[in-house]
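Chemist: Quick one, fold the following:
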Amino acid sequence: MVNTLKIVAFDRKDFVASNQASHYNAVQGISGYHLIDGYTDAADLVAKIKALSAANANACVDYVEIYAHGNPTSVDSLQLANAATWGAELKKVPWCDTASIYLGGCNTGLKTTAGSGSVAETLAGEITFNASSFAHQIRVYGAKGYISGAHARGGETCTRILTQRRWRWKWALGFIPYYGYDDVVTHTAYPNSVDATGNACWNSFKNGTW
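Modeler: Numbers count the residues shown, from 1 in each chain. Below you'll find the model as predicted:
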């Protein structure tokens, strides 16, 4: 039986200090998954993945989830502009024959209104399957909305928009004051985003034509 390794990489620097603890709780202590608590760039992440593999009888990696803020053009330090660098580094990971990469930031599986992105699809194109030089069938998953929760833990949700409840004094019948609220849209929808849960929150991109 092949010895495999599942990894969640938590981007500590991408979350404001006041929110780090709650985000960290979403990814720590997940049974069967190893946590990388912070990394600086692609090379640092890959070095830590390789160290985990070496510490676990040279296990091959079949799952990596990056838990960070995102949008159609970036997730943490992975950007459309440096996707080639990330792809070159990720090819150094001791992958299993088949593997999954989840870019667990908001809207990473979508394009912008102008047609830029998605960062998940772009990354898949930079780690292209090759039967002689890189024979690993990898699917890169990107979120189809504003996502909450880690896929590794399950029960994640995604929404097309984000709203914020704002309380203020309002008037009933034009003259009776009361304290009420409005749900104000703070982040608008990207094309083809969805309100969903679980696997329905993700677009999948193959790293080749296998």
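Chemist: Verify the contact between Leu110 and Lys144 for me.
Modeler: Yes. Look at Leu110 against Lys144 with CB atoms under 8 Å: they come within range, at 6.2 Å. To be clear about C-beta, it is placed using only N, CA and C from the backbone, and glycine gets the same treatment.
Chemist: next SSE after the helix ranked longest in the chain?
Modeler: As assigned by DSSP state H, the longest helix anywhere in the chain is helix 42-55. Note on helix 42-55: by DSSP states H and E, the next helix or strand toward the C-terminus is strand 60-67.
Chemist: partner strands of that following strand, parallel or antiparallel?
Modeler: In the sheet, strand 60-67 lines up against strand 4-10 (parallel), strand 95-104 (parallel) (DSSP bridges).
Chemist: by contact count, what packs against the helix or strand of the chain with the lowest mean pLDDT?
Modeler: Ranked by mean pLDDT, DSSP states H and E, the weakest helix or strand in the chain is helix 17-27, scoring a mean of 82. If contacts are counted by 3 or more CB pairs under 8 Å, 6 or more residues apart in numbering; DSSP states H and E, helix 17-27 sits against strand 4-10, strand 60-67.
Chemist: thinking again about what came up before, can I get the strands paired with strand 60-67 in TSV including mean pLDDT, distance to Phe134 and mean neighbour count?
Modeler: Putting the strands paired with strand 60-67 into TSV (pLDDT from 0 to 100; distance: least, CB to CB, whole Å; neighbours: other CB atoms under 10 Å) gives the following:
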stretch	mean pLDDT	distance to Phe134	mean neighbour count
strand 4-10	96	18	21
strand 95-104	98	9	22
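Chemist: before we move on, the earlier item: let me know the angle separating the longest helix of the chain from strand 4-10.
Modeler: With axes from the mean of the first three to the mean of the last three CA atoms, to 10 degrees as the basis, helix 42-55 and strand 4-10 are set at 140 degrees to each other.
Chemist: Include distance to Ala55 when you put the strands paired with strand 60-67 into a markdown table, please.
Modeler: As requested, the strands paired with strand 60-67 are exported to a markdown table (distance: least, CB to CB, whole Å):
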| stretch | distance to Ala55 |
| --- | --- |
| strand 4-10 | 10 |
| strand 95-104 | 17 |
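Chemist: Figure out how far stretch 122-132 is from the centre of its chain.
Modeler: Distance of stretch 122-132 from the chain centroid (CA atoms, centre = their mean, to the nearest Å) equals 19 Å.
Chemist: Can you tell me the centre-most residue of the protein?
Modeler: Gly104 (1.4 Å; CA atoms, centre = their mean).
Chemist: Please look at Gln20 and Asp14 and confirm they touch.
Modeler: No. Using CB under 8 Å, Gln20 is not in contact with Asp14, being 9.6 Å away.
Chemist: neighbour count winner among those two?
Modeler: More crowded of Gln20 and Asp14, by other CB atoms under 10 Å: Asp14, with 19 against 14.
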